[in-house]
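Visitor: Below are the sequence and a predicted model for it; my questions follow.
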Amino acid sequence: MQERATHGINRRRVVQGGGSLIAGVAGWNVLTHVAAAQTPEPVRDQIVVDLDGDVSTFDPALTYTTRGWSIVHSIYDALVDFGSDGTIVPLAAETFTTDDAITFDVTLRGGMTFHDGSPVTTTAITRSIEHMRASDSQVAALITVVDRVEEIDDLNARIICSEPAAWLPSQLAVWQVLLPEGFTTESLESDPVGSGPYRWGSFEPGNQIVLIKNPDYIWGSPKGQAMADEVVYRFVPESATRVADLATGQADIIARIPIEQQSGIEAAEGTVIVAEILATAFVRIATDVAPFDDPRVCRALNHAVDVQTIAQALEGESSNRLASIYPDDRALGFDPELEPFAYDPELARELLTEAGYPDGFSTTLEVSQAPRLNYAEAIAADLEAVGIEVEIVAAEGGTFNAGWGDPEAPPLRYASWRPMYDPNTFLSLVISSEGFLSRYDSPEADALIQAAAAEPDDEARNAIYQQLGQVLQEEPAAIYLWNAVTRYGVEPELADWEPRGDDYIVLTES
Amino acid sequence: MQRDHTHRMESRLESTLVDATDNPKERRWYPRFRSVLRFLPLLPLLAFVAIGLVGPMVIPADPDEQELLNRLQPPAWSGGSWHHPLGTDGLGRDLLARVADGAQFSLLIGVIAAVNAGVIGVMLGAFAGLAGGWTDRVITSLVTVEMAIPAIVIGIVITATLGQGLLNLIVILLLGGWIVYARIVRLQALALRRSEFVEAAYALGAGRFYVLWRHLLPNLAPTILVLFAQGIAAVMVYEATLTYLGLGLPIESVTLGSLVREGQQVVFSAWWAGFFPGIMIALAVVGFNFLADWIQARMRIDRIADM
């Protein structure tokens, strides 16, 4: 099987290590290796990417999907970015420092320009934050922690928060991209101008978007340089169609391949790249309605589902049952000591009987998009085995996302959250009782989420999040599932392509 | 010239017939073979009905039981095991049991919808043909309007407004199916209305319902039977299309259309998951259409025999 796994380890580092090992054995080998490294790889004319669905907005503040971020982070740069191991690395900022997590000192790199030729200055930071505040974004409330941006000069600024916010950099990395002078909410959709490696080409709604290489992106960006003169992102919701596109050469990279399609790609001589992105899969339980307002019922749900078997069969060998919402040790709050719920249908039945539901009950499970039906059906079958009748409702993506906080929406929903480097966004939105997407209410959890958000020290934050993990086991907010992976299919020439750890398809290489 | 040609044809036909009956060997096996051959067209339907009606009772596997570690097993003869003769689907469920279950459900829905569409269509068509005038005009316009709207659009609109469900699906199928009956029965009724025995019945003081019940329907029976056989096939394809598109029934229900949809997701790695449900749909369509032809042929032969 032509399969390659990318982990937290940077493959390039491994390659370099190999190089130095060869140096000790035969000197000429190193010379050719270095010479090869110095010759810039020829840039391809065009790369066609099949995304797993539609992108309907390009407004950075209103983007919540990795599909959308693939486009947004191709066009724009943020101050900081996620490194492959999940750490925050400076991007448009040359330095980004803080002592107390209240005041963040930023120095921009000199010489950067927007696609319209105007220089990137510190005003772009202010514009970005003001745009988020004024928008209808689901995460707009989080940015209110920024009290003001002090623009010291064109390249130096200070972001000052009203309270400690150690999570702010990860928020900035996703949503706060640098915006040029004179942008409007309309221009963000019709003709976005950023400072990133690609510029806007054209857009056919519901069909595709074309981005063109930004020739002025010549500084040594940690993001790297554009891999092609033109990148076409096509919207192909059917996974079988994406595989067909790869097989017939109509697409060069295809996103989100279900595990059962792997052999189809192999048969077409494509390469499957399995990326261990930092993502957590779960079935959110609406604990504001009966019978889920009883924590015993929520624990019963967790015991009833054979998560480990489903994870291994449907997600892959590197996915394992999670004890809580934190996907793996790259994420803050992950606690290797905390045991996941055991698969124990008997115990589940006992808990249901204790809670007053000896004969079970019936409920609905909402899920978006066809490939996820498999997961929902497997979970539903396990729940039915302990007497919980589950009706599965498949919702179109937009409807699904609108239903998070809706008290009328089905009480169970299968979802995955990515990237989860810093859990604050997820916790503030989905777990905190005041969260925009939340149907969970635990004063204990609320207090811990607030304490962690205001804690400047990473180790102390980690400890608080671990404590929250225990609370979330006693009073589950979800059926905790597995750490999700993502599978890309690529044509043979791109077999060495390294996907990002956050599942954005931004086609750059260093 | 023309006569010559016909004459030649006749003599050739004659000689063939003579040959067939003169050969003593053929004389022995041919009639028996022919009587078996006569039922050959019913074979696809018999196969479908056997799997759909008897299958769910005799197949030991549970169509809903998942064996995640045994997912996407190929059919027995191409590397799988006889434990799952047609292989398993994406969740390790037995494909044979699911195909049988789906066939049963699809057949049930097909028959229910076709019967309902038939009753409504025949009634409206007969009324239109018998009554004429305004009744006819209203019903005919209704038919014309509905024919102008593609059936699939009706399906999408109803599912979007009323949601998914068995009852809604049957309503959609009924709306798509009644027109054929109405149109053909109306034409036949128009013709029969002017026939002497109907006029005689009216002259003897019979009411419209009496004429409909005692004269019209018995005369229309062969046509309706043929239409009904074709109707089931059409309705089953329509139902499969709707469920394939995700418009018909809730996700958990197993029909041939939903099985094809599931199979299509894995078509590049597990061809069998969509292939066998597809074959079953084909069997049903071919089977019911053959049945319709068969009925038609039988009726004609009987009528000729009567004369």
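Guide: The structure has been received and is ready for your questions.

Visitor: Need the per-residue pLDDT for whatever residue of the stretch 301-450 of chain A ends up closest to chain B.
Guide: For the stretch 301-450 of chain A, the residue closest to chain B is A:A313, as judged by Cβ to the nearest Cβ, at 3.9 Å. Every residue, glycine included, has its C-beta placed from N, CA and C. Per-residue pLDDT puts A:A313 at 91.

Visitor: Apart from its neighbours in sequence, what residue is nearest it?
Guide: Closest residue to A:A313 apart from its sequence neighbours, by Cβ to Cβ, 6 or more residues apart in numbering or on different chains: B:L68 at 3.9 Å.

Visitor: Kindly provide the distance from the one you found to A:T309.
Guide: 5 Å (Cβ to Cβ, to the nearest Å).

Visitor: quick one: which of those two has more around it?
Guide: B:L68 (21 against 17; other Cβ atoms under 10 Å in any protein chain shown).

Visitor: From A:A93, how far out is the more buried one?
Guide: The spacing between B:L68 and A:A93, counted by Cβ to Cβ, is 47 Å.

Visitor: Repeat that for A:P215.
Guide: In terms of Cβ to Cβ, A:P215 sits 23 Å off from A:A93.

Visitor: Of the two, which one has the most company?
Guide: Comparing A:P215 with A:A93 by other Cβ under 10 Å, the one with more neighbours is A:A93, at 25 against 10.

Visitor: who's in contact with the spatially closest residue to that one that is not a sequence neighbour?
Guide: Nearest residue to A:A93, sequence neighbours excluded (Cβ to Cβ, 6+ apart): A:L79, at 4.3 Å. Neighbour list for A:L79: A:P90, A:L91, A:A92, A:A93, A:F96, A:V106, A:L108, A:I125, A:L172, A:A173, A:Q176, A:L178 [criterion: Cβ atoms under 8 Å, 6 or more residues apart in numbering or on different chains].

Visitor: And A:L79, how far from A:A92?
Guide: In terms of Cβ to Cβ, A:L79 sits 5 Å off from A:A92.

Visitor: between these two, what contacts are shared?
Guide: A:L108, A:L178.

Visitor: Give me the buried positions along stretch A:83-97.
Guide: Judged by neighbour count using 16 or more other Cβ atoms under 10 Å in any protein chain shown, the buried positions of stretch A:83-97 are A:S84, A:G86, A:I88, A:V89, A:P90, A:L91, A:A92, A:A93, A:F96.

Visitor: okay, how far is it across that stretch, tip to tip?
Guide: Between the opening and closing residues of stretch A:83-97 there is a gap of 16 Å (Cα to Cα, to the nearest Å).

Visitor: Would you confirm that B:T243 contacts B:E262?
Guide: No: counting by Cβ atoms under 8 Å, B:T243 stays clear of B:E262, with 10.5 Å between them.

Visitor: Who has more neighbours out of these two?
Guide: B:T243 (28 against 24).

Visitor: The closest residue to the more buried one other than its chain neighbours sits in which helix or strand?
Guide: Using Cβ to Cβ, 6+ apart and skipping residues adjacent in sequence, the residue nearest B:T243 is B:G257, 3.2 Å away. Assigned by DSSP states H and E, B:G257 falls within helix B:256-265.

Visitor: Which secondary structure elements does that helix sit against?
Guide: helix A:239-247, helix B:95-131, helix B:217-244, helix B:272-306 (3 or more Cβ pairs under 8 Å, 6 or more residues apart in numbering or on different chains; DSSP states H and E).

Visitor: Show me which residues of the helix or strand following the second one are buried.
Guide: Read it as helix B:95-131. Sequence order places helix B:133-148 as the next helix or strand after helix B:95-131, per DSSP H and E. For helix B:133-148, the neighbour count (16+ other Cβ under 10 Å) marks B:D136, B:I139, B:T140, B:V143 as buried.

Visitor: returning to what we had before: how is the residue of the stretch 301-450 of chain A closest to chain B assigned, secondary-structure-wise?
Guide: Assigned by DSSP: H, G, I helix; E, B strand; the rest coil, the conformation of A:A313 is helix.

Visitor: so how many other residues sit close to it?
Guide: Residues near A:A313, counting by other Cβ under 10 Å: 25.

Visitor: Same check on A:L427?
Guide: 26.

Visitor: pretty sure it is in contact with A:I449, am I right?
Guide: Yes: counting by Cβ under 8 Å, A:L427 does reach A:I449; the two are 4.8 Å apart.

Visitor: What parts of the stretch 51-200 of chain B come near chain A?
Guide: The stretch 51-200 of chain B comes close to chain A at residues B:D64, B:Q66, B:L68, B:L69, B:R71, B:L72, B:G90, B:L91, B:G92, as judged by Cβ under 8 Å from any Cβ of the partner chain.

Visitor: now B:I152: how far from chain A?
Guide: 18 Å (Cβ to the nearest Cβ, to the nearest Å).

Visitor: That residue and B:P56: what is the separation?
Guide: 30 Å.

Visitor: picking up where we left off before, so how do I select the buried members of the residues of the stretch 51-200 of chain B next to chain A in ChimeraX?
Guide: Applying 16+ other Cβ under 10 Å to those, the buried members can be selected in ChimeraX as follows:
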select /B:64,66,68,71,72,90,91,92
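
Visitor: Could you let me know which of the residues of the stretch 51-200 of chain B next to chain A ends up closest to B:R38?
Guide: B:D64 (40.7 Å; Cβ to Cβ).

Visitor: what's A:L188 in contact with, if anything?
Guide: A:F58, A:D59, A:P60, A:L179.

Visitor: Can you name the residue of the stretch 51-200 of chain B nearest chain A?
Guide: For the stretch 51-200 of chain B, Cβ to the nearest Cβ, closest residue to chain A: B:L68, 3.9 Å.

Visitor: A:E260 versus that residue, what's the distance?
Guide: Distance from B:L68 to A:E260, by Cβ to Cβ: 12 Å.

Visitor: what is the mean pLDDT for whichever helix in chain A runs longest?
Guide: Longest helix in chain A, counting residues (DSSP state H): helix A:458-474. Helix A:458-474 carries an average pLDDT of 94.

Visitor: Which other helices and strands does the next helix or strand after that helix contact?
Guide: For helix A:458-474, the succeeding helix or strand toward the C-terminus, using DSSP H and E, is strand A:478-490. Secondary-structure packing of strand A:478-490 (3+ Cβ pairs under 8 Å, 6+ apart): helix A:239-247, strand A:253-254, strand A:271-285, helix A:295-304, helix A:307-310.

Visitor: Rounded mean pLDDT for strand A:478-490, please.
Guide: 95.

Visitor: Between helix A:295-304 and that strand, find me the angle.
Guide: Interaxial angle of strand A:478-490 relative to helix A:295-304 (axes from the mean of the first three to the mean of the last three Cα atoms, to 10 degrees): 40 degrees.
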